[in-house]
Each structure stands twice: as structure tokens, then as C-alpha cells.
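*Asks:* Prediction below, plus the sequence it came from.
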Amino acid sequence: MKKISKLHYITTGPALAEKACRGGISWIQLRLKEIAYSDYRAVAREVQSVCTEYRCTLIINDNVELAFELGADGVHIGKEDMSPGLARELLQEEKIIGCTANTPADILELVTHNIDYIGLGPYRYTSTKKNLSPLLGLDGYDAIFRQMNMMSLKLPPIVAIGGITGQDIPALAATGLHGVALSAIISSAPDISGEAGLLAALCEQYFSR
């Protein structure tokens, strides 16, 4: 079974990735929107160099072809992107495939595919993503996990995403989530390395239970 981090840092470039890795982040998801393939590839190569230096997992957002070309550790695909089945055919078994979900129906569809984790959200409003799905909030995660538990499904690790702060982590961990995906709280911190280290420690403390 592939190891899925309890803290996924979603970022846009090598400088931010380097500072976060220096602070203890071990999983980087590179997400660039509305950008030419060649430009995405150039940035991804720089981030890949950072991840190689720090022995950090690199996930490419939304671009399966680029993940394949670079030999990245894996890809995260949204609901409107390439199907998980086609992504697995291209990337083969050793690569990580994560998928986005917003509802129980999304999860039920995704568990029929050979994927490694689910990003479930959004938890609350976030300005880092356009066309947000309905907000879940803590009650939404509780309700979804109760429903899934009643069905006795074997679920892949599920990671919360969307406007999450460090203060949210204890309550989110209690729902059954595997971890969280964070972006702005790290990227906008005055001390990115320090903030990354604090959040990584929080995730290890609460999600390891």
C-alpha cells in the first residue's frame, strides 16, 4: 500500500515548495491553472528538483500527461479531468492517483476505481480555487463518514481540503479523515518554513491516532 501523507501542501512554484520542505513538508502538490503545457512543465521541473533534494513526494494537479512525462510520484485529478481508469492505464500501478470528491455519490464512484486517496471538500470557502463545490463544513464530513461506515465500505485515505487552518485539525481528525490538504495558510505565512513545521507536527499528533 502506498504511503499517503497526512499533510498535503498545494503550491504554485519552487520557492514556496523549498521553504515548505525545509520546514518539514513531505508531500507537494503542484497546482497551476490556465497555463500553457510548456510553462507548466518548466515550473514542474524546478519543483521536482526541490522534491528530489528533500526526498519529498511530488503530485501534479490535473495534468496526467505531464506527470507521466516527468516521472512524478503521482497525479491529483478533479471531477472534470481525465478519468481515474485512463490515468491508471497511463501511469501504471506504482504511481499515486488521487481524486476529488464532494459528495457520498462521488466517493461511491471513486472506490470502484484503482485510486490511492480522495481529496474531499471544500471544508470552507477558499479563494485559491474557482467554481467551488458546495461547502461541507465539519457536519458534512461527519455525515459522509457515518454514511460510509454504515455501508462497510473499504475506503482509500480521505484528505480534507478547502480553507483549513491549524485550529480545525483536531476536530477534522475526529471525523475519520486521514489528513488535510493546505495551501494559503502556508503560502501566506510570514515564516513559511516555521508554519509548515507547526502544521506538520499538528497533523502527526492528531491524525496518527
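*Replies:* Received it, and whenever you're ready, just let me know what you need.
*Asks:* Next, find the distance separating C21 from A196.
*Replies:* 8 Å (CB to CB, to the nearest Å). Every residue, glycine included, has its C-beta placed from N, CA and C.
*Asks:* Could you check which of these two has the larger neighbour count?
*Replies:* Shown here are C21 and A196; by other CB atoms under 10 Å, A196 has more neighbours (25 against 22).
*Asks:* Please identify the buried residues of the helix or strand harbouring that one?
*Replies:* Element membership for A196, per DSSP states H and E: helix 192-207. Using 16 or more other CB atoms under 10 Å as the test for burial, helix 192-207 gives I192, S193, E195, A196, G197, L198, L199, A200, L202, C203, Y206, F207.
*Asks:* ok, now stretch 63-74?
*Replies:* Buried residues in stretch 63-74, counted by 16+ other CB under 10 Å: N63, V64, L66, A67, F68, L70, A72, D73, G74.
*Asks:* Let's verify the spatially closest residue to the third one that is not a sequence neighbour: helix, strand, or coil?
*Replies:* Leaving out its chain neighbours, the residue that sits closest to L66 by CB to CB, 6 or more residues apart in numbering is I60, at 5.4 Å. The three-state assignment at I60 reads strand, by DSSP: H, G, I helix; E, B strand; the rest coil.
*Asks:* Touching, I60 and H76? I think so.
*Replies:* Yes - counting by CB atoms under 8 Å, I60 does reach H76; the two are 7.4 Å apart.
*Asks:* shared neighbours of those two, anything?
*Replies:* Applying CB atoms under 8 Å, 6 or more residues apart in numbering, one finds that I60 and H76 are jointly contacted by Q29.
*Asks:* State the distance from M151 to F145.
*Replies:* Going from M151 to F145 by CB to CB gives 11 Å.
*Asks:* List the contacts of W27.
*Replies:* S5, L7, H8, Y9, C56, T57, I59.
*Asks:* Is it possible to get JSON lines of these that adds distance to S183?
*Replies:* Shown next, in JSON lines, are the contacts of W27 (distance: CB to CB, whole Å):
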{"residue": "S5", "distance to S183": "14"}
{"residue": "L7", "distance to S183": "11"}
{"residue": "H8", "distance to S183": "9"}
{"residue": "Y9", "distance to S183": "7"}
{"residue": "C56", "distance to S183": "16"}
{"residue": "T57", "distance to S183": "16"}
{"residue": "I59", "distance to S183": "13"}
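*Asks:* Check these and tell me the two furthest apart.
*Replies:* Based on CB to CB, the longest span within those runs between L7 and I59 and measures 12.6 Å.
*Asks:* in the sheet, who's paired with C99?
*Replies:* C99 has these beta-bridge partners by DSSP bridges: I77, I118.
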